[in-house]
Every structure is written in C-alpha cells, then in structure tokens.
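Undergrad: compute the structure for the input listed below.
(one chain, ligands or ions: 2)
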Amino acid sequence: MIKISPSILSCDFANLESECAKMKTAGVDMLHIDVMDGHFVPNLTLGAPIVKCLRPKNDLFFDVHLMISDPLRYIDDFAAAGSDLITFHVESDSDVQATIDKIKSHGIKAALSVKPGTPAEAVLPYLDQLDMVLVMTVEPGFGGQKFMADMLPKISAIRERANALGRDIDIQVDGGIDSATAPLVAAAGANVLVAGSAIFGAPDPIAAVPQLRQAAQAAL
Ligand SMILES: O=C(CO)[C@H](O)[C@H](O)COP(=O)(O)O
Ligand SMILES: [Co+2]
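TA: Numbers count the residues shown, from 1 in each chain. Ligands and ions are numbered 1, 2, ... in the order given. Purely as a prediction, here's the structure:
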C-alpha cells in the first residue's frame, strides 16, 4: 500500500492548524515536517517548538525530516515535542549509530536519508535497524524542485537489499513527487510519497491526496 506524507513546507504557515486539519480530512498517512537549519542546507524553516505547538492540534503521525547539522544534539527536543518518526541525514556530522540509538531510546521510529549525490551503500549497513529510508529525489533545501529520475536505481537497490534481508521497511521519496512521477517511484520500490507543492499547490489539496495515491498504486 502506498502511503502519502504531505510536506507542510508548501502550506500556508499562517493557518498551519487548519492546513493540517485539511490533510487529516484527506486521509493522509503521515505529516511531513521539514526542519532546516541554514547550515546543513541553505534554508531555514522551523524547530521543535513549532512541532510541540502543533502536536495537540491533531493526531496525525508526525514524520519529521531533519536537514540539520549535529542532529544527535536535537533528538531529545524533537522527540519530546511529539515526533512519531525522526529522519536524519547520513551525510550529517553526527555519529549515525548513536543517533539511531538516541531516536529509538524514545520509543519512536528512526529513518536515515540520503542526498542525491550519496550512494545507496551509505545506508545499507543500517537497514536491519531502520524503520524507513528516505531517498531524496531533489537536493534538500527547497520545495518545488524538479524530480531527479536518476535516483530511481537507488530506490530499487535499497528495496532489493531490504527484501534480501527480509526487512519490510518503508522507503520514502521526497522532492518533485506528483501524479507523473509517483508511478515511477512506486514501480522502483518506494511506498511512502512526500509531496509539498503537488498537494498544497493544487486547486483542491484534499482531492490531490487520493489522486496521488491512485497514480502510484496504478503502477503496482
Ligand atoms: O525535504 C524537502 C526539501 O528539502 C521537502 O520535503 C520537499 O522538497 C517537498 O517539496 P516538493 O514536493 O514541492 O518537492
Ligand atoms: Co522533506
């Protein structure tokens, strides 16, 4: 089954509560929360206090994507704020094993992300411990970028290795996902689709969610 995780990066932040409520109505599986620090990526977004404010406003599964340096330092804050899953980048400067251990010590799910220039091999040693791998299909930092089709073999390689290990993990894709690219990533083995501009930029964001899901499932 394909899961949809709308990225709030493209929502109306002045109406964050109602934008998230719309996604609840749309039947999304997760809510993708992009955290950028202006250092690991050249953009700034939000921190744990916003996640904490949002937490009592809905019961959606909070899928927190950390695009920050030294993620280990901030895991306690994001877990306490109500994250259900924390993704950090394998390219970050924190110790990867220690960061996975820290996330799991809070009883929440752990995921590792790879930037476009990083090979699948960077995450394979951790597959047996991860709940999800996030394959970036754009350079992290900004919404609204063009999907990089050359990431498809990376998705397939990670799915093949997970299958070989008997691990039914989630493989998430993030960046440039819309009804045209969703079938490609689903066919390659991704099952969790992040979409920002394709959902919040659609004329009817609530209708865009099942449309995206159906476009992906048609490829399976
Ligand atoms: O992590 C991200 C950017 O670094 C965002 O989640 C992603 O770009 C979503 O936006 P869009 O669907 O518009 O590409
Ligand atoms: Co993201």
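
Undergrad: test my guess that Phe88 contacts Ser69.
TA: No: assessed by C-beta atoms under 8 Å, Phe88 is found out of contact with Ser69, at 10.3 Å. Yep, even glycine has a C-beta here, placed from its N, CA and C like the rest.

Undergrad: next up, the contacts around Ala81.
TA: Going by C-beta atoms under 8 Å, 6 or more residues apart in numbering, Ala81 touches 48-49, 51-52, 55.

Undergrad: closest one to ligand 2 out of these, please.
TA: Closest to ligand 2 out of these is Val51 (13.9 Å), distances taken as C-beta to the ion.

Undergrad: residue contacts, that closest one?
TA: By C-beta under 8 Å, 6+ apart, Val51 lies in contact with 33, 62, 64, 78, 81-83.

Undergrad: return a ChimeraX selection command for the buried portion of those.
TA: This is how ChimeraX selects the buried members of these, with burial counted by 16 or more other C-beta atoms under 10 Å:
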select :33,62,64,78,81,82,83
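
Undergrad: for Ala182, state which of the contacts of Val51 is nearest.
TA: Ile33 (20.8 Å; C-beta to C-beta).

Undergrad: how about the helices in the chain?
TA: With DSSP state H, the ranges of helices along the chain come out as 16-26, 48-54, 75-80, 96-105, 152-164, 182-188, 197-200, 205-217.

Undergrad: ranking those by burial, who's on top?
TA: Highest mean neighbour count of the helices of the chain: helix 197-200, a mean of 24 (counted as mean count of other C-beta atoms under 10 Å).

Undergrad: give me the pLDDT for the closest residue to Lys154 other than its chain neighbours.
TA: Nearest non-adjacent residue to Lys154, counting by C-beta to C-beta, 6 or more residues apart in numbering: Ala120, 4.9 Å away. Listed pLDDT for Ala120 reads 98.

Undergrad: could you dump the contacts of Val51 to a markdown table with distance to ligand 1 and pLDDT?
TA: Listed next are those as a markdown table, based on distance: C-beta to the nearest ligand atom, whole Å; pLDDT from 0 to 100:
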| residue | distance to ligand 1 | pLDDT |
| --- | --- | --- |
| Ile33 | 9 | 98 |
| Phe62 | 14 | 99 |
| Val64 | 11 | 99 |
| Phe78 | 15 | 99 |
| Ala81 | 18 | 99 |
| Gly82 | 19 | 98 |
| Ser83 | 15 | 99 |
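
Undergrad: ok, so of the contacts of Val51, who is nearest ligand 2?
TA: Comparing the contacts of Val51 against ligand 2 with C-beta to the ion places Ile33 closest, at 8.2 Å.

Undergrad: can you verify my assumption that that closest one contacts Leu46?
TA: Yes: at 7.5 Å, Ile33 counts as touching Leu46 under the criterion of C-beta under 8 Å.

Undergrad: okay, now the closest residue to ligand 2 within the chain: neighbour count?
TA: Across the chain, the shortest distance to ligand 2 (C-beta to the ion) belongs to His65, at 3.8 Å. By other C-beta atoms under 10 Å, the residues close to His65 number 27.

Undergrad: same check on Arg73?
TA: Neighbour count of Arg73, defined by other C-beta under 10 Å: 12.

Undergrad: would you agree it is in contact with Asp93?
TA: No: contact criterion C-beta under 8 Å: Arg73 and Asp93 do not qualify, at 10.1 Å.

Undergrad: quick check: phi and psi on Glu139?
TA: According to degrees, to the nearest 10, the main-chain angles of Glu139 amount to phi -70, psi 130.
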